[in-house]
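**Student:** predicted model follows, preceded by the sequence.
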Amino acid sequence: MPKVMVGLVGCGFVAELHMYAYKRVYGIDADVMAVTARGDHVLEFAKKHKVRKTYRDFRDLLDDPEIDVIDICTPPALHASMIVDAVRAGKHVICEKPFAGYFGRAGDKIPIGRNVPKSLMYERVLEEMEKTCAAIEASGQLFMYAEDWIYTPAVTKAVEILNSTKDKLLFMKAEEAIRLCGVAVRGFGCERLVWTNITLAAGRYETADRLRQQLLWQPQHDIREKDRKRDCCEEDKVNRQRRHHGT
């Protein structure tokens, strides 16, 4: 079985999810052998996940000759520059979403969201994305984006249309619907948004909000069984109410 040596950047919430994903990767032996972060928490993270090497400087991780892939789990403002640095160092890259964004530049009036025109933000983000993509292509390294939305049928169809028409995307709106315990939940930031499947490389991992620690390690068949029992209880309750009211 081929073996891939991974260097993880960051040791926060997203890094925990990626570590869980690597345990579920099949077909290759994905070995997270090093992690880098500035805070002392990196030592606890490495001990918890049995990661052999720890670094405090991203450059030191890039200089490690054993590492094949850099997995970026840092705050979004660092993603683009880290992607470029990693591919130029001869590393393949996995990067957590978002790929890019507008986080302000020198001279921007605060608050940025009110004082910097959206059209200017858009132009600057596109400029940064084009530079990042050019660096990836020039390096010959693989870039793997840890966001499954880009592989959904609606998005892939939109890309197909854009490629064939050579036009621009002016507006996009999306809604996420998740069913848990017999309840369909829609929207972002909802307290009951607790279960999302995301594809990372060849593995999958589940994320959760308030119930993450309780649900994360449960087999999916257990979750489905609980859903079925909850649905049955709800149905029995409705039937009892109908009988009570004579309907």
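**Tutor:** The structure has been received and is ready for your questions. Residues are numbered from 1 along each chain as shown.
**Student:** how close does the nearest residue to residue 149 once chain neighbours are set aside get to residue 105?
**Tutor:** Closest residue to residue 149 apart from its sequence neighbours, by CB to CB, 6 or more residues apart in numbering: residue 155 at 6.2 Å. Quick note: C-beta positions are derived from backbone N, CA and C, even for glycine. Per CB to CB, to the nearest Å, residue 155 is found 29 Å from residue 105.
**Student:** of the two, which one has the most company?
**Tutor:** residue 155 (14 against 11; other CB atoms under 10 Å).
**Student:** isn't the more buried one up against residue 147?
**Tutor:** No - contact between residue 155 and residue 147 fails when scored by CB atoms under 8 Å: they sit 10.1 Å apart.
**Student:** report the contact partners of the closest residue to residue 2 other than its chain neighbours.
**Tutor:** In space, and not counting its chain neighbours, residue 2 is closest to residue 28: 5.0 Å by CB to CB, 6+ apart. For residue 28, the contacting residues are 1-4, 202, by CB atoms under 8 Å, 6 or more residues apart in numbering.
**Student:** please list only the buried members of the residues you listed.
**Tutor:** The neighbour count (16 or more other CB atoms under 10 Å) marks residue 4 as buried among the contacts of residue 28.
**Student:** show me which pair in the contacts of residue 28 is furthest apart.
**Tutor:** Greatest spatial distance in the contacts of residue 28: 3 and 202, 13.7 Å, computed using CB to CB.
**Student:** ok, back up a step: and which of the contacts of residue 28 is nearest residue 136?
**Tutor:** residue 4 (18.3 Å).
**Student:** what pairs with the helix or strand where the closest one lies, parallel or antiparallel?
**Tutor:** Secondary structure assignment for residue 4, by DSSP states H and E: strand 3-9. Using DSSP bridges, the strands paired with strand 3-9 are strand 29-36 (parallel), strand 69-72 (parallel).
**Student:** the first one: which residues count as buried?
**Tutor:** It stands for strand 29-36. Neighbour counts over strand 29-36 (16+ other CB under 10 Å) mark 30-36 as buried.
**Student:** isn't residue 64 right up against residue 53?
**Tutor:** Yes - Residue 64 is within contact range of residue 53, at 7.2 Å (criterion: CB under 8 Å).
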